[in-house]
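>>> My questions are about this predicted structure, shown below with the sequence.
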Amino acid sequence: HGWVFDVPPEGQKNPVPIKAMGRFVHEAVAVDRETGIVYQTEDRGSAGFYRYIPDDKTNLAAGGKLQMMKVIGQPDLRSHVKNGSEFDVQWVNIADPELAHSLGTTDSGGVFKQGQKMGGTVFARLEGCWFGNERVFFDATSGGGEKVGQIWAFNPKSQKLQMLFESPGVEVLNMPDNLVVSPHGGLLLCEDSDYGKFSQQRIHGLDQDGNLSLFAINNMQLKGEKNGFKGDFRGKEWAGATFSPNGKWLFVNIQTPGVTFAITGPWNETVF
């Protein structure tokens, strides 16, 4: 739930929570190394986008301030947004980052409702988040007019939010989840969907001009050849995509049955 723990005293079994970075339905984080600000997504139908401003960027447990994004003039961005649209951003303070639920409920919306009441913007199921090219990229898995995905970019220096890409349908991009910035500055988007014939999970590349291209398809069907795994795993999600520091290797997982792939280029022939 976003707790940061200190080392428990000798003889004590459970760690002691000392500071909270927000008690909500956490999904992904991205860190701005220059400022130490931690950006956080929330995986629920009505979600907020948050930032944690630490008092000491070398010690998150020392405390800090939790805020929720307020997109000026846009209280709700779960539906259709035109590609390329840009909005000004402000931030509202969360008075009680440790409030798990709205009062008298178990709705997991204690932090979210505080931010919304202060003018924070509602997004649809925020999942993947990555810092690169001086921007924070994140996706709304069920956002957009067709409810199958939006890709957002936030510029901390200009305090502007841009719609990079909204999927027009499941056949194009179907519920992006994890994402990563590629060595060329584009994005790789991992699908996690369950829509009929398009439940076969894919990875897409999104270049800096907003052009989408297919990179990989999960076609994993095993009969015990490897470590005894058997089954049709084509509908299982891609997850955890990341590049090696030198940019030559892409590491990515298929969540079930639990397989990691190491993929090499040449990446100079890719379009993202």
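Received, thanks. Remember, predicted model here, so these are calculated numbers, not experimental data. Residues are numbered from 1 along each chain as shown.

>>> ok, now which ones touch the closest residue to residue 157 other than its chain neighbours?
The shortest distance from residue 157 to any non-neighbouring residue, by Cβ to Cβ, 6 or more residues apart in numbering, is to residue 134 (6.7 Å). C-beta: built from backbone N, CA, C; applies to glycine. Contact analysis of residue 134 by Cβ atoms under 8 Å, 6 or more residues apart in numbering lists 155, 156, 157.

>>> Please report how far residue 134 lies from residue 153.
10 Å (Cβ to Cβ, to the nearest Å).

>>> Confirm that residue 169 sits in a helix.
No. Under DSSP: H, G, I helix; E, B strand; the rest coil, residue 169 falls outside any helix and is assigned coil.

>>> Surely it touches residue 147?
No. Between residue 169 and residue 147 there is no contact under Cβ atoms under 8 Å: 10.3 Å.

>>> what about those two, which has more around it?
The neighbour comparison of residue 169 against residue 147 (other Cβ atoms under 10 Å) goes to residue 147, with 18 against 14.

>>> Remind me which helix or strand that one belongs to.
Assigned by DSSP states H and E, residue 147 belongs to no helix or strand.

>>> what's the nearest residue to it if we skip its chain neighbours?
residue 124 is the one closest to residue 147 (Cβ to Cβ, 6+ apart), at 7.2 Å.

>>> what does residue 254 give?
Nearest residue to residue 254, sequence neighbours excluded (Cβ to Cβ, 6+ apart): residue 236, at 5.5 Å.

>>> Contacts only, for that neighbour.
Neighbours of residue 236 in contact, by Cβ under 8 Å, 6+ apart: 201, 218, 220, 254, 255, 256, 257.

>>> List the buried residues for stretch 162-171?
In terms of neighbour count (16 or more other Cβ atoms under 10 Å), stretch 162-171 has its buried residues at 162, 163, 164, 165, 166, 167, 170.

>>> now stretch 189-206
Residues of stretch 189-206 classed as buried: 189-193, 198, 200-206 (neighbour count, 16+ other Cβ under 10 Å).

>>> of all the residues you listed, which two lie farthest apart?
200 and 206 (19.4 Å; Cβ to Cβ).

>>> So which of the buried residues of stretch 162-171 are in strands?
162, 163, 164, 165, 166 (DSSP state E).

>>> and which of those residues is nearest residue 225?
When those are compared against residue 225 (criterion: Cβ to Cβ), the nearest one is residue 165, at 37.3 Å.

>>> I figured the closest one was touching residue 173, is that so?
Yes. Under the criterion of Cβ under 8 Å, residue 165 makes contact with residue 173 at 7.4 Å.

>>> shared neighbours of those two, which are they?
With Cβ under 8 Å, 6+ apart, residue 165 and residue 173 have common neighbours residue 212.

>>> Out of the buried residues of stretch 189-206, show me where the pLDDT dips lowest.
Ranked by pLDDT, the buried residues of stretch 189-206 bottom out at residue 198 (59).

>>> Pull the contacting residues for residue 68.
Counting by Cβ under 8 Å, 6+ apart, residue 68 has contacts 48-50, 91-92, 94, 111-112, 114-116, 118, 120-121.

>>> Now the buried members of the residues you listed.
Buried positions within these, assessed by neighbour count (16+ other Cβ under 10 Å), are 48-50, 91-92, 94, 111-112, 114-116, 120-121.

>>> Switch these over to CSV; also include pLDDT and distance to residue 130.
Below are the buried ones among the contacts of residue 68 laid out as CSV (pLDDT from 0 to 100; distance: Cβ to Cβ, whole Å):
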residue, pLDDT, distance to residue 130
48, 98, 18
49, 98, 13
50, 98, 15
91, 98, 20
92, 98, 24
94, 96, 23
111, 96, 22
112, 97, 22
114, 97, 26
115, 97, 22
116, 98, 25
120, 98, 22
121, 98, 20
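
>>> Tell me the one of the residues you listed nearest residue 181?
Using Cβ to Cβ, the buried ones among the contacts of residue 68 come closest to residue 181 at residue 49, 17.6 Å.

>>> My read is that that closest one contacts residue 43, right?
No. Look at residue 49 against residue 43 with Cβ under 8 Å: they stay out of range, at 11.6 Å.
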